[in-house]
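**Student:** coords below, sequence missing:
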């Protein structure tokens, strides 16, 4: 599922900024099929084990990238 790949990519970006999923305070997930909610939610829980950021899940018609079924946007607070 694309969800694992997207969260993995986000993890890499967070790590390069000296951060982790524990620092994420907000997550917005866009999916093209709301029936995938339970699968996406379960995978999301694997990455947010120690924190529960404010979350929004929205169904959209399609993504900009051809074939993409999910996009995830996160906001994290970085430590100084």
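**Tutor:** Thanks, I have it. The shown structure was predicted, so the numbers you read here are calculated from the model rather than taken from an experiment.
**Student:** Distance from the helix or strand harbouring residue 14 to the middle of the chain?
**Tutor:** Under the criterion of DSSP states H and E, residue 14 resides in helix 2-16. Relative to the chain's own centre, helix 2-16 is displaced by 8 Å; criterion: CA atoms, centre = their mean, to the nearest Å.
**Student:** Ok, stretch 70-80 next?
**Tutor:** Offset of stretch 70-80 from its chain centre (CA atoms, centre = their mean): 9 Å.
**Student:** Equivalent analysis for stretch 48-60, please.
**Tutor:** With CA atoms, centre = their mean as the basis, stretch 48-60 stands 7 Å off its chain's centre.
**Student:** repeat for stretch 33-52
**Tutor:** With CA atoms, centre = their mean, you get 8 Å for stretch 33-52.
**Student:** List the buried residues of that stretch.
**Tutor:** 36, 40, 43-44, 47-48 (16 or more other CB atoms under 10 Å). Glycine gets a C-beta too; all of them are placed from N, C-alpha and C.
**Student:** export those residues to a markdown table and tack on distance to residue 8?
**Tutor:** Below are these laid out as a markdown table (distance: CB to CB, whole Å):
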| residue | distance to residue 8 |
| --- | --- |
| 36 | 18 |
| 40 | 14 |
| 43 | 10 |
| 44 | 13 |
| 47 | 9 |
| 48 | 14 |
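**Student:** re the thing from before, following element in sequence after the helix holding residue 14, please.
**Tutor:** Past helix 2-16, the next helix or strand by DSSP H and E is strand 24-31.
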